[in-house]
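A.B. asks: This is a predicted model, with the sequence first.
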Amino acid sequence: MSRFVQPMPDPPDPYQGDPLLPGWLRRHLGGEDRAATSRLTALSAEVAGPLREAHRQAEANPPRLRRYDPWGERVDRVETPAGWQTHRAAAARHALVALPYLPGARAQWGARARVVQHALLHLYAPESATYSCPVAMSDAAAALLCHPEVDPPVREAWLPRLVSTDPATVLTSGQWMTETAGGSDLAGAATTARPAGDRWRLTGDKWFCSAIDADVAVALARPDGADGGSRTLAPFLVPRYAEDGGTATGIRIHRLKDKLGTRALPTAEVSLAGAYGQPLGDPHRAGLVRMMALVRVARLHNAAAAAAGMRRGLAYAHAFATARRVAGGRLVASPLHRATLATLGVDAAGAFALAGHGFALLGRVEVDQDPAAATELRIVAPLAKLATARLAVAAAAEHLECFGGAGYVEDTGIPRLLRDAQVLPIWEGTTNVLALDVQRAVVRDGAGAPLLARLDAAADLAPVAALADPLRAATAGLREALAALTADPYAVPVVAGARGLALRLAYALAAALLLEQASAGGDPVAEVAARLWLRRWLSGEDIAAEAHPHADALAAGDRT
């Protein structure tokens, strides 16, 4: 009797098989989408081949901390595998960080260079062994270096290498904010900075330093003589290595974190004892506002990674269902399983729209200096991050279930989807932290108004009342809730309901964005996704019966 072996086909091409990405680019880029297509096609082929194998190699060979060299000298060297280095080189060659800063890209696409960058990240991130994290932090550091308050000599010394497309010269950046006593409570940060000639020296402990192998890091510290609280903290650029390649003076790595997921990503606890740093802006002026330029970009990358992971996990689940035989037929033919896949496709579409909209707004802020986009981005960045992160964790659990027992076995690689997704609601602010940030954006920046205006406009675009009415009803409820928030931001019921309000705002925004895509782009998949998203997330209905006929289109981009 022969032993049964379940075949596992590869998912479709990450770019051509995506249900929404090509249409999204056509709408946002117009005739300029062809130049983007060549970039995306090249990256997609590499993702499906050598980068997927590099991802597996890096996951199978986690980083190691070598504290001493053979002669007993303390070196604190983090050793990463070949697969990690392959992804590092690919990120540079494909301009994952650099694209929105390159003069040629800005000349061709203007503010829409961020749209193209998001598309590249959407293909790259899910099987990058979490190299998407140093990509995010490097982009965030580059955005901070572009802040007008940063001294030009500091910018000129570091920015060109952070946005280089040459793997031999590119630098990556880490982000050192979290401290043992601080966490999200930045006011508790105890790291100090004191002037030492033309640089500063930083002293303190940083508790969660991801991509500790990065060449530099942006660290928060309190300058000598500064008042307490979070606003007086200032960002500093800290070189990770000395000129001879050794660990820079004053930096000591205590250990690498043993994490639930993202195991290929080296994350460490670090002590600074007079480590050199260069201030990014005037350290004597409140620096947290400048630091938010970094945080905003990192949050959008988090949303992009969440949406991309949902899409790739679903592609694998659909590919498995096409090969798996159950009760005499293909699993993908089961109406029940098709409904599950289609529902996951609807959630992935909403997450993609939220992340993509955030990047589009970011480009308008950076290139066009658009004040309306800046106000809207103030609320969209935290909304996109918090909603996509929670959707990604729920989707990853479903993806594992789609594989049955194989989804629980480590050497299939499937459990990693859930382990890695679980960090997304934690990095760059938990759901509760971001929900309060949303409330501040409404009260302090008036960010509720442009969001409500977008919801109203999207309802007007809806071709039938069945689509417009749920969005109008949701918008009316949100308008009342935002009015109550503005009237008394510190009322206990208002603060206690911050998470629920933020999620309602995010779900309504995703509905509006999908309706925009369906109406402006004539995209039939977006129209189906919009209709089902409205029923699922705004009306609270079970969409299984209506969703299952659309499983192939929503899960695998099959428009036949």
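C.D. replies: Thanks, I have the structure now.

A.B. asks: quick one, helices of the stretch 51-200 of the chain?
C.D. replies: Ranges of helices in the stretch 51-200 of the chain, per DSSP state H, counting those that start in this stretch, are 52-60, 82-93, 103-109, 113-124, 132-145, 152-162.

A.B. asks: Which one of the ones you listed lies nearest to N432?
C.D. replies: helix 132-145 (21.6 Å; Cβ to Cβ). From N, CA and C alone the C-beta is placed, and that goes for glycine too.

A.B. asks: Now that closest one: buried residues?
C.D. replies: 132-145 (16 or more other Cβ atoms under 10 Å).

A.B. asks: Kindly reformat the residues you listed as TSV and extend each row with pLDDT and distance to G110.
C.D. replies: Output for the buried residues of helix 132-145, formatted as TSV (pLDDT from 0 to 100; distance: Cβ to Cβ, whole Å):
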residue	pLDDT	distance to G110
S132	98	25
C133	98	28
P134	98	27
V135	98	22
A136	98	23
M137	98	25
S138	98	22
D139	98	18
A140	98	21
A141	98	23
A142	98	18
A143	97	17
L144	97	22
L145	97	21
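
A.B. asks: could I get the residues you listed as TSV with distance to T262?
C.D. replies: Output for the buried residues of helix 132-145, formatted as TSV (distance: Cβ to Cβ, whole Å):
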residue	distance to T262
S132	10
C133	7
P134	11
V135	13
A136	12
M137	13
S138	17
D139	18
A140	17
A141	19
A142	22
A143	23
L144	23
L145	26
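
A.B. asks: just for the protein, where's the confidence low?
C.D. replies: By pLDDT under 70, the weakly predicted segments of the chain are 1, 182-184, 521, 559-560.

A.B. asks: residues in contact with P235?
C.D. replies: 144, 218-220, 279-281, 287, 290-291, 294 (Cβ atoms under 8 Å, 6 or more residues apart in numbering).

A.B. asks: Closest one of those residues to A273?
C.D. replies: Once Cβ to Cβ is applied, the member of those that ends up nearest A273 is A219, at 13.2 Å.

A.B. asks: and that closest one, that one's in a strand?
C.D. replies: Yes: counting by DSSP: H, G, I helix; E, B strand; the rest coil, A219 is located in a strand.

A.B. asks: Tell me who's in contact with the residue lying closest to A142 once chain neighbours are set aside.
C.D. replies: Distances taken as Cβ to Cβ, 6 or more residues apart in numbering put L162 closest to A142, at 4.8 Å, once the chain neighbours are dropped. Applying Cβ under 8 Å, 6+ apart to L162 gives the contacts 97, 138, 141-142, 145, 170-173.

A.B. asks: for the helices of the stretch 51-200 of the chain, which one sits closest to Y507?
C.D. replies: That would be helix 113-124 among those, by Cβ to Cβ, at 20.5 Å.

A.B. asks: just checking, what packs against the closest one?
C.D. replies: helix 21-29, helix 33-46, helix 103-109, helix 132-145, helix 288-323, helix 335-368 (3 or more Cβ pairs under 8 Å, 6 or more residues apart in numbering; DSSP states H and E).

A.B. asks: Return the most buried member of those helices.
C.D. replies: Highest mean neighbour count among those (mean count of other Cβ atoms under 10 Å): helix 132-145, with a mean of 27.

A.B. asks: Against which helices or strands is that helix packed?
C.D. replies: helix 82-93, helix 113-124, helix 152-162, strand 173-176, strand 199-210, strand 216-223, strand 234-239, helix 288-323.

A.B. asks: between that helix and helix 335-368, how big is the angle?
C.D. replies: For helix 132-145 against helix 335-368, the angle by axes from the mean of the first three to the mean of the last three Cα atoms, to 10 degrees is 20 degrees.

A.B. asks: which residues does D76 contact?
C.D. replies: Here D76 is in contact with 65-67, 247, 251-253 (Cβ under 8 Å, 6+ apart).

A.B. asks: List buried residues within the residues you listed.
C.D. replies: Of those, these count as buried by 16+ other Cβ under 10 Å: 65, 247, 251-253.

A.B. asks: of all these, which two lie farthest apart?
C.D. replies: L65 and I251 (12.9 Å).

A.B. asks: Looking at the contacts of D76, which two lie furthest apart in space?
C.D. replies: The widest separation within the contacts of D76 (Cβ to Cβ) is 14.7 Å, between R66 and I251.

A.B. asks: which residues of the stretch 451-560 of the chain fall in helices?
C.D. replies: 465-487, 492-496, 498-521, 524-533, 544-547, 551-556.

A.B. asks: Nearest approach to A45 belongs to which of those helices?
C.D. replies: helix 551-556 (18.2 Å).

A.B. asks: Report the secondary structure element holding the closest residue to D347 other than its chain neighbours.
C.D. replies: Nearest residue to D347, sequence neighbours excluded (Cβ to Cβ, 6+ apart): L391, at 5.2 Å. In this assignment (DSSP states H and E), L391 forms part of helix 371-402.

A.B. asks: Give me the contacts around the very next helix or strand once past that helix.
C.D. replies: As assigned by DSSP H and E, the chain's next helix or strand after helix 371-402 is helix 415-421. Helix 415-421 is contacted by residues 59, 130, 260-263, 306, 309, 313, 392-393, 395-397, 399-400, 407-410 when judged by Cβ under 8 Å, 6+ apart.

A.B. asks: how is this structure carved up into domains?
C.D. replies: 173-286, 431-543 (automatic domain parsing).

A.B. asks: Mind putting those into JSON lines with distance to W24?
C.D. replies: Converted to JSON lines, the domains of the chain look like this (distance: least, Cβ to Cβ, whole Å):
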{"stretch": "domain 173-286", "distance to W24": "27"}
{"stretch": "domain 431-543", "distance to W24": "6"}
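
A.B. asks: which one of those lies closest to A355?
C.D. replies: Closest among these, using Cβ to Cβ: domain 431-543, at 10.1 Å.

A.B. asks: For L265, grab the count of nearby residues.
C.D. replies: Residues lying near L265 (other Cβ atoms under 10 Å) number 27.

A.B. asks: Stretch 365-377: end-to-end distance?
C.D. replies: 8 Å (Cα to Cα, to the nearest Å).

A.B. asks: what does stretch 399-411 give?
C.D. replies: Termini of stretch 399-411 sit 16 Å apart (Cα to Cα).

A.B. asks: out of the contacts of helix 415-421, which are buried?
C.D. replies: 59, 130, 261-263, 306, 309, 313, 392-393, 395-396, 399-400, 407.

A.B. asks: okay, the contacts of P235 in JSON lines with distance to E480 next?
C.D. replies: As requested, the contacts of P235 are exported to JSON lines (distance: Cβ to Cβ, whole Å):
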{"residue": "L144", "distance to E480": "38"}
{"residue": "V218", "distance to E480": "40"}
{"residue": "A219", "distance to E480": "43"}
{"residue": "L220", "distance to E480": "38"}
{"residue": "P279", "distance to E480": "45"}
{"residue": "L280", "distance to E480": "41"}
{"residue": "G281", "distance to E480": "40"}
{"residue": "G287", "distance to E480": "37"}
{"residue": "R290", "distance to E480": "36"}
{"residue": "M291", "distance to E480": "34"}
{"residue": "L294", "distance to E480": "35"}
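
A.B. asks: of the residues you listed, closest to L331?
C.D. replies: L294 (44.6 Å).

A.B. asks: how close does that closest one sit to A136?
C.D. replies: 10 Å (Cβ to Cβ, to the nearest Å).

A.B. asks: try H94
C.D. replies: Between H94 and A136 the distance is 15 Å, computed by Cβ to Cβ.

A.B. asks: my guess is H301 contacts V135, does it?
C.D. replies: Yes: H301 is within contact range of V135, at 7.1 Å (criterion: Cβ atoms under 8 Å).

A.B. asks: Are there residues contacting both of those two? Which ones?
C.D. replies: Counting by Cβ under 8 Å, 6+ apart, the residues touching both H301 and V135 are L121.
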